[in-house]
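Trainee: predicted model, plus sequence, below.
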Amino acid sequence: MKQKETIMAKEYVVAILGATGAVGHRMIEQLAASSIPVKQVKLLASARSAGKQMQFRDQMLTVEETTPASFEGVDLVLSSAGGATSKRFLPEAVKRGAVCVDNTSYFRMDPTVPLVVPEVNPEALAHHQGIIANPNCSTIQMVVALEPIRQAFGLKQVIVSTYQAASGAGQSALNEFKDQAQAYLNGEEMQAEILPTKGDKRHYPLAFNLLPQIDVLEENGYSHEEWKMIHETKKIMFGDMNSPAVKVTATCVRVPVAIGHGESVYFTVEDETATAEQIRAVLAQAPGVVVQDDLANQVYPQPLQAEGKGDTFVGRIRPDYENPGAFNMWIVADNLLKGAALNAVQNAEELVKRGLI
């Protein structure tokens, strides 16, 4: 009688670069809950964070200072430590045989680097050369909702206004926002040193305020966040950051919300016979989308309800009665989960599933 061969499933050594940051914490949690067979986890950060203890599943792990040698023997890197850190260390990880999923903006527009949302363009992962880019948080939730509509009805134009949470600018911005809110309630002066963007000339409080600037302002009048939404959407959907296949424009606003980006999206489809009911039905079947659209009972997406959840929530779906084929909808997602850590881990799961690591 022939003996059955036992095939051992591969297990992966995973490094989390930027482990102590807001997204890094969530990457650890999402990796722990993922389907990836993990042999070992290495937590990497700056020298000042080295020695900290963090938990992965039932283990306490010590954070290590990141050096090129940190990536020896690593199969997969999940990175969210800032663009300069990604620029410095991810090529070193690739040299040592690792595949990297990067949450920073540094590699997103590199034509050799796939920019991937698993619900939208997972096939792009097959073209990686060691690095996969995670899109901007505001782009991710928008394309998750728009791609099923594009597939069903075609897509001609997108006009988006975002309502982006403080945490999108990092843990320090979130802490400053909370301190400002408390100072305002105490009748004290609010201190602002981070927003709209730390490296810019002037800073303004976010508490009880709205800031129509996210990232630096470009000479063409757009903020870099707006530029990212335009060109990332084109690259994800059509493989070309300058694709003329869809017109996209954006206005990005930082709002006094802790976690959870909202987006008001106006879009036009090629099929002018499409109805709001049909769009709602398509989205109800779409992966990663939850439709919350029951106006009779005041059911619609809200950041507080989306916090801690991995889905993209869509509601307020309605036609523009002045323009056939045009619609409005409202999108909300947890920017630290689907907008960052979860999307990165989902990309890694796809890499494993497709045998691309």
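Mentor: Everything's here; your move.
Trainee: can you give me the helices for the stretch 201-350 of the chain?
Mentor: If DSSP state H, counting those that start in this stretch is used as the criterion, the helices of the stretch 201-350 of the chain fall at 224-238, 276-284, 303-306, 342-353.
Trainee: the stretch 51-200 of the chain: helices as residue ranges?
Mentor: According to DSSP H, counting those that start in this stretch, the helices that the stretch 51-200 of the chain contains are 83-95, 137-153, 171-185.
Trainee: any idea which of those is most buried?
Mentor: helix 137-153 (a mean of 24; mean count of other C-beta atoms under 10 Å). Heads up, the C-betas are built off the backbone N, CA and C, glycines and all.
Trainee: mean confidence for that helix?
Mentor: When pLDDT is averaged along helix 137-153, the result is 98.
Trainee: could I have it exported to CSV, CA atoms only?
Mentor: The C-alpha coordinates for helix 137-153 follow below in CSV (Å, rounded to 0.1, in the frame of the first residue of the first chain):
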residue,chain,number,x,y,z
CYS,A,137,-6.8,55.7,3.1
SER,A,138,-9.3,57.9,1.4
THR,A,139,-8.7,56.4,-2.0
ILE,A,140,-9.2,52.8,-0.7
GLN,A,141,-12.7,53.2,0.6
MET,A,142,-13.8,55.1,-2.4
VAL,A,143,-12.6,52.6,-5.0
VAL,A,144,-14.0,49.7,-3.0
ALA,A,145,-17.5,51.3,-3.4
LEU,A,146,-17.0,52.6,-7.0
GLU,A,147,-15.4,49.5,-8.6
PRO,A,148,-18.6,47.3,-8.5
ILE,A,149,-20.5,50.3,-10.0
ARG,A,150,-17.9,50.7,-12.7
GLN,A,151,-18.1,47.0,-13.5
ALA,A,152,-21.9,47.0,-13.7
PHE,A,153,-22.7,50.4,-15.3
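Trainee: let me know the angle separating it from helix 342-353.
Mentor: 60 degrees (axes from the mean of the first three to the mean of the last three C-alpha atoms, to 10 degrees).
Trainee: residues contacting Phe313?
Mentor: Each residue near Phe313 by C-beta atoms under 8 Å, 6 or more residues apart in numbering is listed here: Val289, Val290, Val291, Gln292, Pro301, Gln305, Ala306, Ile331, Val332, Ala333.
Trainee: just the pLDDT for it.
Mentor: 98.
Trainee: so which residues of the stretch 151-300 of the chain form strands?
Mentor: Counting by DSSP state E, counting those that start in this stretch, the stretch 151-300 of the chain has strands at residues 157-164, 247-254, 261-268, 289-291.
Trainee: tell me how far the first one is from the chain's mean position?
Mentor: The one in question is strand 157-164. Counting by C-alpha atoms, centre = their mean, to the nearest Å, strand 157-164 is centred 15 Å from the centre of its parent chain.
Trainee: in its sheet, what does it sit against?
Mentor: Paired with strand 157-164 in the same sheet, following DSSP bridges, are strand 247-254 (parallel), strand 261-268 (antiparallel).
Trainee: what of the shortest one?
Mentor: Within its sheet, strand 289-291 is paired with strand 312-319 (parallel), according to DSSP bridges.
Trainee: alpha carbons of the partner strand, as PDB, please.
Mentor: The C-alpha trace of strand 312-319 is given here as PDB (Å, rounded to 0.1, in the frame of the first residue of the first chain):
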ATOM      1  CA  THR A 312     -16.700  50.000   3.800                       C
ATOM      2  CA  PHE A 313     -20.100  51.400   4.600                       C
ATOM      3  CA  VAL A 314     -22.200  53.100   1.900                       C
ATOM      4  CA  GLY A 315     -25.500  55.000   2.100                       C
ATOM      5  CA  ARG A 316     -27.500  58.000   0.900                       C
ATOM      6  CA  ILE A 317     -27.500  56.600  -2.600                       C
ATOM      7  CA  ARG A 318     -29.600  58.800  -4.700                       C
ATOM      8  CA  PRO A 319     -29.900  60.100  -8.300                       C
END
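Trainee: which segments of the protein make up each domain?
Mentor: 12-135+341-353, 139-335 (automatic domain parsing).
Trainee: picking that back up, and the helices of the stretch 201-350 of the chain: which comes nearest Leu125?
Mentor: Comparison of the helices of the stretch 201-350 of the chain against Leu125 by C-beta to C-beta identifies helix 342-353 as nearest, at 5.7 Å.
Trainee: could you say what helices and strands the closest one packs with?
Mentor: helix 22-33, strand 76-79, strand 99-102 (3 or more C-beta pairs under 8 Å, 6 or more residues apart in numbering; DSSP states H and E).
Trainee: show residues contacting the last one.
Mentor: Outside of strand 99-102, the residues that reach it under the criterion C-beta under 8 Å, 6+ apart are 75-80, 86, 90, 93-94, 128, 130-134, 344, 347-348, 351, 356-357.
Trainee: which of the residues in it are buried?
Mentor: Using 16 or more other C-beta atoms under 10 Å as the test for burial, strand 99-102 gives Val99, Cys100, Val101, Asp102.
Trainee: Phe107: neighbour count?
Mentor: Residues lying near Phe107 (other C-beta atoms under 10 Å) number 22.
Trainee: from Gly83, how far out is it?
Mentor: 9 Å (C-beta to C-beta, to the nearest Å).
Trainee: same question for Asn186.
Mentor: Counting by C-beta to C-beta, the gap from Asn186 to Gly83 is 36 Å.
Trainee: quick one, which of the strands of the stretch 151-300 of the chain is packed in tightest?
Mentor: strand 261-268 (a mean of 22).
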